[in-house]
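K.L.:
I would like the atomic coordinates for the input below:
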Amino acid sequence: MHMISKEMQACIDACLSCYQMCFGMAMTHCLEQGGEHVKPKHFRAMIACAETCRDSAHMMLMNSPQAKQLCALCAEACETCAKECDPLPDMKECADECRRCAEECRRMSGRKMAA
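P.N.:
Numbering: from 1, shown residues only. Coordinates of the predicted model:
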């Protein structure tokens, strides 16, 4: 049986938590708020982040050789989402969750944070 390392489990947990936050916020809070919350760039960033987080968790759980590459992409998607959420005062919790996930995914992918 494949044993999941503590580091990988931390990344899986961060990805699933970020997926829940972004997808849940997009489908409830953002749709209900309207305006800036549903502008295409913001809404797409949230959904892209959520889906990439979910896919990254799945790839790690199946011990896929592509998990590291997907985690690198996930870190980028999370950072993009955080930057989209930053200007909206009621989206700070989402932005923070995205940054936590980006950090775990960068660690898992072995890539350094972009300057």
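
K.L.:
residues making contact with the helix or strand harbouring M59?
P.N.:
In the assignment (DSSP states H and E), M59 maps to helix 40-61. Residues outside helix 40-61 that contact it (Cβ atoms under 8 Å, 6 or more residues apart in numbering): 4, 8, 11-12, 15-16, 18-19, 22-23, 25-26, 30, 36-37, 66-67, 70-71, 73-74, 77-78, 80-81, 83-85, 88, 94, 98, 101, 105, 108. C-beta: built from backbone N, CA, C; applies to glycine.

K.L.:
hmm, which of the residues you listed are the buried ones?
P.N.:
8, 11-12, 15-16, 18-19, 22-23, 25-26, 30, 37, 67, 70-71, 73-74, 77-78, 80-81, 84-85, 88, 94, 98, 101, 105, 108 (16 or more other Cβ atoms under 10 Å).

K.L.:
In helices only, show me those.
P.N.:
Among the buried ones among the contacts of helix 40-61, DSSP state H puts 8, 11-12, 15-16, 18-19, 22-23, 25, 67, 70-71, 73-74, 77-78, 80-81, 84-85, 94, 98, 101, 105, 108 in helices.
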